[in-house]
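Novice: Quick one, fold the following:
(one chain, ligands or ions: 3)
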Amino acid sequence: MKTTPKRVLVIDDDPFVGKMTLAHLKSGGHEGRLTDDAEEFMRLCGTWHPDFAIVDLVMEGVDGLEVLRRIADCGCGIGVIIASGQEGRVLDAAHRFADASGITFVGVLSKPYRRSQLLDLLAQRPSTTEIPVVPDPSLPWGELEFEESFRDGLTSGAVTVVFQPKVDCSDGRVVGYEALARWVHPERGDITPTVFVPLAEKRGLVSLLTDRVMREALDWFGRHPHREGRRLSVNVSSAEFSDPEIDERLLKACQEAAVPTSQVIIELTETSAMDDPVLSLQLLTRLRLQGFEISLDDFGTGYSSMLQLARLPFSEIKVDQSFVSNAATSDESVIVIRSIVDLGHALGLKCTAEGVEDAKVLSLLEKFGCDFAQGFHIGHPMVPDDLDEWLKTAKV
Ligand code: C2E
Ligand code: MG
Ligand code: MG
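Specialist: Ligands and ions are numbered 1, 2, ... in the order given. Next up, the predicted model:
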């Protein structure tokens, strides 16, 4: 197969490695330029317009990470390959840094690398890395304005629910759906829950969100023709723990939709609200006694602690997507996932991995005995009509 010639700019302070790379590029039909100077490198980025940059991380007098940051700042969209003789963990961290900076990251070359490894990377179409949406506490709207719009959104139908399928890792069967809130603001457009849920918590509006999502999700699930043997997962903020009637509200919502509580999983993201050991123990035990399943969401990040996991009556643990989404390229993430799955099983819990973005990760999960999986590779969060279409081709 003939590859399209690419322009590749290399920054490396080792003349031997640099010349070798240029020779590999030439033999693969590509055009290469070499420099060991950060200023010259940036100048060439702007004037020579390379398709790819190969950046050595450790150079005499030049900070490779700083070069990556400058590539991100210039927004030139070059596909970036990191080359280094560092061990895997350091390369992994540099990869994460590149991802978080929003550059178009193509891959890592671990020195010494072979010609074929280099040419394989150049054959890839650089994919623009998704820039994570970070909740912005200084969101340029006043809290009062937020409150007013959010209340409007809840009553006008601008806040809705989408459903993401969850499958059995061993055979791909659909075992349930997670309900996720969406808000399309009339002027501001799509607002992600990672932004509006914390603001709703802060303004004391989160119970309105829970009630809205529960009602809409249960109404859909209650009428769903294939709900037998499947469960509906709903996210409930632990800020709700301050409401002594939260369990009654959840129970009532299920009764109104005629959905048995045993088919509902309450997903809790662990926060400091769970720090009150007596209150959280009482509440979660009551929910279990009412028949709900309880899942500990985003395990491995934030406030989650082994103590909470062992002490509270969870029935499921969800491995955070930050480990799962990069498991195909990170040995460390694979080890963390495997340990969480083993820990969950040892405690008698079901394990779900979220953020499965490719087939390789799904087969790893199956190998580790992880019970369930969710992620873009399986199915995105969808509106009910799209989900119905998706289900026509899914394993039931
Ligand atoms: P979560 O409960 O952990 O939900 C999983 C998030 O990962 C969702 O983001 C989902 O769209 C996203 N996701 C699913 N598959 C993939 C994948 O393969 N790759 C990647 N990169 N992401 C994937 P979303 O919908 O933006 O929700 C973010 C968080 O907001 C949720 O995290 C949950 O904590 C919270 N949230 C969402 N809906 C509600 C709600 O109704 N009530 C409350 N209290 N919180 C909610
Ligand atoms: Mg969740
Ligand atoms: Mg999660």
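
Novice: so where's the chain uncertain?
Specialist: Across the chain, the ranges flagged by pLDDT under 70 are 1-3, 125-141, 271-275, 302-304.

Novice: How about the contacts made by Ala53?
Specialist: Contacts for Ala53 (C-beta atoms under 8 Å, 6 or more residues apart in numbering) come out as Val8, Leu9, Val10, Ile11, Phe41, Cys45, Ile71, Ile78, Gly79, Val80, Ile81. (C-beta placed from N, C-alpha, C; glycine too.)

Novice: try 10 Å this time
Specialist: By C-beta atoms under 10 Å, 6 or more residues apart in numbering, the residues touching Ala53 are 7-11, 41, 44-45, 67-68, 71, 76, 78-82, 103-104, 106.

Novice: What strands line up against the host helix or strand of it, and which way round?
Specialist: Using DSSP states H and E, Ala53 maps to strand 52-56. Strand pairing for strand 52-56, determined by DSSP bridges: strand 7-11 (parallel), strand 79-84 (parallel).

Novice: Quickly check: stretch 258-278 near ligand 2 or not.
Specialist: Yes. Judged by C-beta under 5 Å from the ion, stretch 258-278 and ligand 2 are in contact via Glu267.

Novice: now swap in stretch 284-303 and tell me
Specialist: Yes. Contact of stretch 284-303 with ligand 2 (C-beta under 5 Å from the ion) involves Asp297.

Novice: how about that stretch: buried residues?
Specialist: Leu284, Leu287, Arg288, Phe292, Glu293, Ile294, Ser295, Leu296, Asp297, Asp298, Phe299, Gly300 (16 or more other C-beta atoms under 10 Å).

Novice: could you dump that stretch to CSV, C-alpha only?
Specialist: This file holds the C-alpha atoms of stretch 284-303, laid out as CSV (Å, rounded to 0.1, in the frame of the first residue of the first chain):
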residue,chain,number,x,y,z
LEU,A,284,-27.9,3.1,52.1
THR,A,285,-29.0,0.2,54.3
ARG,A,286,-32.6,1.5,54.1
LEU,A,287,-32.4,1.7,50.3
ARG,A,288,-31.1,-1.9,50.1
LEU,A,289,-33.8,-3.1,52.3
GLN,A,290,-36.3,-1.4,50.0
GLY,A,291,-34.8,-3.5,47.2
PHE,A,292,-32.6,-1.0,45.4
GLU,A,293,-29.2,-2.0,44.2
ILE,A,294,-26.5,0.6,45.0
SER,A,295,-23.5,1.3,42.9
LEU,A,296,-20.3,3.2,43.8
ASP,A,297,-19.6,5.3,40.8
ASP,A,298,-16.2,6.5,39.5
PHE,A,299,-14.3,4.2,41.8
GLY,A,300,-10.6,5.0,42.0
THR,A,301,-10.9,8.8,41.8
GLY,A,302,-11.8,11.6,44.1
TYR,A,303,-13.1,10.8,47.5
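
Novice: wait, does that stretch contact ligand 3?
Specialist: Yes. Judged by C-beta under 5 Å from the ion, stretch 284-303 comes into contact with ligand 3 at Asp297, Asp298.

Novice: Return the nearest residue of the stretch 51-200 of the chain with respect to ligand 3.
Specialist: Residue nearest to ligand 3 within the stretch 51-200 of the chain: Glu178 (8.7 Å; C-beta to the ion).

Novice: contacting residues for the closest residue to that residue other than its chain neighbours?
Specialist: Of all residues not flanking Glu178 in the chain, Ser233 sits nearest, at 4.2 Å (C-beta to C-beta, 6 or more residues apart in numbering). By C-beta under 10 Å, 6+ apart, the residues touching Ser233 are 163-164, 166, 176-180, 217, 264-267, 293, 295, 297, 316, 318, 352, 374.

Novice: Bridging across strands, which residues link to Ser233?
Specialist: Bridge pairing for Ser233 - DSSP bridges - gives Glu178, Ile265.

Novice: For the nearest residue in space to Gly172 that is not next to it in sequence, give me the backbone phi and psi.
Specialist: Sequence neighbours aside, Lys395 is the residue nearest to Gly172 in space, at 4.6 Å (criterion: C-beta to C-beta, 6+ apart). With angles defined as degrees, to the nearest 10, Lys395 sits at phi -80, psi 130.

Novice: what do you get for Gln263?
Specialist: Dihedral angles (degrees, to the nearest 10) for Gln263: phi -100, psi 10.

Novice: Just give the closest residue to it, not the sequence neighbours.
Specialist: The spatial neighbour of Gln263 that comes closest, neighbours along the chain excluded (C-beta to C-beta, 6+ apart), is Arg231 at 5.1 Å.
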